[in-house]
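K.L.:
Generate a structure from the sequence data that follows.
(chains A and B)
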Amino acid sequence: MRQHDTMPARLARFLVPAGVGLLFLGAWELLVAVYDIPRFVLPAPSAIWESFVQNFGSLMASLWVTLRVTISAFLLAVVGGVGLAILFSQNRHVEMALFPYAVVLQVTPVVSIAPLILIWVGYDNVEFALLILAWIVAFFPILSNTTLGLRSADHNLHDLFRLHGANRWQVLIELQLPSALPYILAGMKISGGLALIGAVVAEFVAGSGSGNGLAWRIVEAGNRLDIPRMFAALFLLSGLGILIFFGLTLVEQRLLRRWHESAIQRES
Amino acid sequence: MSGKRPDTLPLLSLTGIGKTYANGTVALSGIDASVREGGFVSLVGPSGCGKSTLLRIIAGLIEADAGALSWPASDTRPADIGFVFQDATLMPWARARDNVYLPLKLKGISWKQAEPRVMDALERVGLADFANAYPRELSGGMKMRVSIARALVTEPPLLLMDEPFAALDEFTRGKLDDDLLALWQAQRFTTVFVTHSIYESVYLSERVLVMGARPGRILADIEISEPFPRGHSFRESARYIEICAQVSAALRKGAAI
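P.N.:
You can find the predicted model right below:
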């Protein structure tokens, strides 16, 4: 009954957007050459590539820093978000008491909390401050999605569990968490991107000399009007974001493909 | 009050059962009924007559706020009760066999110990070959069979069914009716079957309790003494038509009041 994409269709899904990208880069290259745009305004893709190769070492080191902060913040957000949502599901009073504060944390712009966190954690420990800030941004979607997911279990199944004398723990493990899985995964996809954004924004706020992630590369290159290097760092950031998104989509497909409508491919 | 076996105590006895919801709706009022051990009783009535509510009260999922529910034959509510919902209500993330295993799993029985019973239950509903299928890979009728296997895997003395085949096409429904009767005859569990189909209730049951709405109450208690197994010959007999007409008349009378 399940139908997978045929090989050509799968290839087309990759090739078509890739083709559009190449066309775009070609037009860009051409425009820069034709209108003779200076490289400190808009460098040609070839110049960006050149800069990328030249600065490969420092860019990779920065990528590693940003990646480390993003991944740790994301994983901690998953643990914290799912954990707190489980606590909420077990006790309505806890949810009532704490959920508004989770919302406060979410709606307060991370940029405005950043200086405070930086002062508390100390400028000699910036990476930890970045981690906290990225975590704050990434945490909420997981919390709210998991909270919703845990409540979404079928009412009749709930009754069935009760009829067979299931305890709280069994209801959680056997019913609520599996029901919540699609919600948790959707939350993770949002959070993965947000963790990266949080890490970058926090680094911008942390400012000069303190960080050495990709955001700092961008600031530094901007200060020196080294726009090709700025673009190289920018592309790396986008690439990282895309990688996180596709990685999580893959995880989602793997976990849900046998049973959840969202992951089932049909012949149309 | 099955006249056939007055010597044995009924499994289940309801006296003056009433239920009023928080919004003031009187779902049930003054329900008196009893079900003999091993019997097959149908509750038939229009939507909103409280038949599902009554089934849930029997299952212990909700409390009645008037009257008494007693278990004369066993003193307490059976530890195992099978319940089949209108929808198959399977866990979509679990294979057929894991869905059937659920009641045993919740009792702390290991898969190793449970496996023969689970496979046996699947075999009895004719799905031995589909043990590893996920619910979405099964047809509506097959899902309902899994649901029945799950209800019967603990070999409960009582099986409660809440309009179980209402969402199925007529052919599948007829087949499942026959299979259910065969299972009931082989295992002799007591069955309370909720339906809004007059034909289905008459075909399946030893007794039909006709219910009316607002407030939910019992309008008629019709005994059907035709022997089992019942087959096509019963469905086509004059007696069958006659009983259906009798149930139908009782329903109409209830609606007219």
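
K.L.:
wait, what's in contact with residue A:42?
P.N.:
By CB atoms under 8 Å, 6 or more residues apart in numbering or on different chains, residue A:42 lies in contact with A:32, A:227. All C-beta atoms are positioned from the backbone trio N, CA, C, and that covers glycine.

K.L.:
How about the secondary structure of it?
P.N.:
State at residue A:42, reduced to three classes by DSSP: H, G, I helix; E, B strand; the rest coil: coil.

K.L.:
Can you read off the pLDDT for it?
P.N.:
Per-residue pLDDT puts residue A:42 at 92.

K.L.:
how close does it get to chain B?
P.N.:
From residue A:42 across to chain B, the span is 51 Å (CB to the nearest CB, to the nearest Å).

K.L.:
what's that residue sitting at in phi/psi?
P.N.:
The phi/psi pair for residue A:42 (degrees, to the nearest 10) reads phi -140, psi 100.

K.L.:
Give me the neighbour count for residue A:72.
P.N.:
18 (other CB atoms under 10 Å in any protein chain shown).

K.L.:
Now do the SS call for it.
P.N.:
Under three-state DSSP, the three-state class of residue A:72 is helix.

K.L.:
repeat for residue B:82
P.N.:
With three-state DSSP as the criterion, residue B:82 reads strand.

K.L.:
ok, the closest residue to residue A:241 other than its chain neighbours - contacts?
P.N.:
Spatial nearest neighbour of residue A:241, chain neighbours left out: residue A:196 (5.3 Å); criterion: CB to CB, 6 or more residues apart in numbering or on different chains. Residues in contact with residue A:196 (CB under 8 Å, 6+ apart) are A:66, A:70, A:134, A:237, A:240, A:241, A:244.

K.L.:
pLDDT below threshold where in chain B?
P.N.:
In the predicted model of chain B, residues B:1-7, B:256-257 satisfy pLDDT under 70.

K.L.:
For it, what lies in contact range of chain A?
P.N.:
For chain B, the residues in contact with chain A (CB under 8 Å from any CB of the partner chain) are B:56, B:59-61, B:81, B:83, B:85, B:87, B:89, B:91-94, B:102-103, B:105-107, B:134-137, B:154.

K.L.:
Could you give me the buried positions within stretch A:148-165?
P.N.:
Neighbour counts over stretch A:148-165 (16 or more other CB atoms under 10 Å in any protein chain shown) mark A:149, A:150, A:153, A:154, A:156, A:157, A:158, A:159, A:160, A:161, A:163, A:164 as buried.

K.L.:
Could you tell me which ranges of chain A sit under the pLDDT cut-off?
P.N.:
A:1-6, A:208-211, A:264-268.

K.L.:
Tell me where it has helices.
P.N.:
Taking DSSP state H as the criterion, chain A carries its helices at A:7-35, A:45-54, A:56-90, A:92-107, A:110-121, A:126-151, A:155-163, A:168-170, A:177-206, A:214-223, A:227-256.

K.L.:
Also the stretch 151-257 of chain B?
P.N.:
B:170-187, B:198-204, B:232-235, B:238-256 (DSSP state H, counting those that start in this stretch).

K.L.:
mind putting the ones you listed in TSV, distance to residue A:124 and mean neighbour count included?
P.N.:
Shown next, in TSV, are the helices of the stretch 151-257 of chain B (distance: least, CB to CB, whole Å; neighbours: other CB atoms under 10 Å in any protein chain shown):
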stretch	distance to residue A:124	mean neighbour count
helix B:170-187	72	16
helix B:198-204	77	23
helix B:232-235	86	12
helix B:238-256	82	15
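
K.L.:
before we move on, back to that, let's see if you can find the most crowded of the contacts of residue A:196.
P.N.:
residue A:134 (31 neighbours).

K.L.:
tell me the contacts of it?
P.N.:
For residue A:134, the contact set (CB under 8 Å, 6+ apart) comprises A:69, A:70, A:73, A:74, A:195, A:196, A:198, A:199, A:202.

K.L.:
That one and residue B:177, how far apart?
P.N.:
For residue A:134, the distance to residue B:177 equals 60 Å [CB to CB, to the nearest Å].

K.L.:
Equivalent analysis for residue A:86, please.
P.N.:
Distance from residue A:86 to residue B:177, by CB to CB: 43 Å.

K.L.:
and if you look at residue B:43?
P.N.:
Residue B:43 is 16 Å from residue B:177, by CB to CB.
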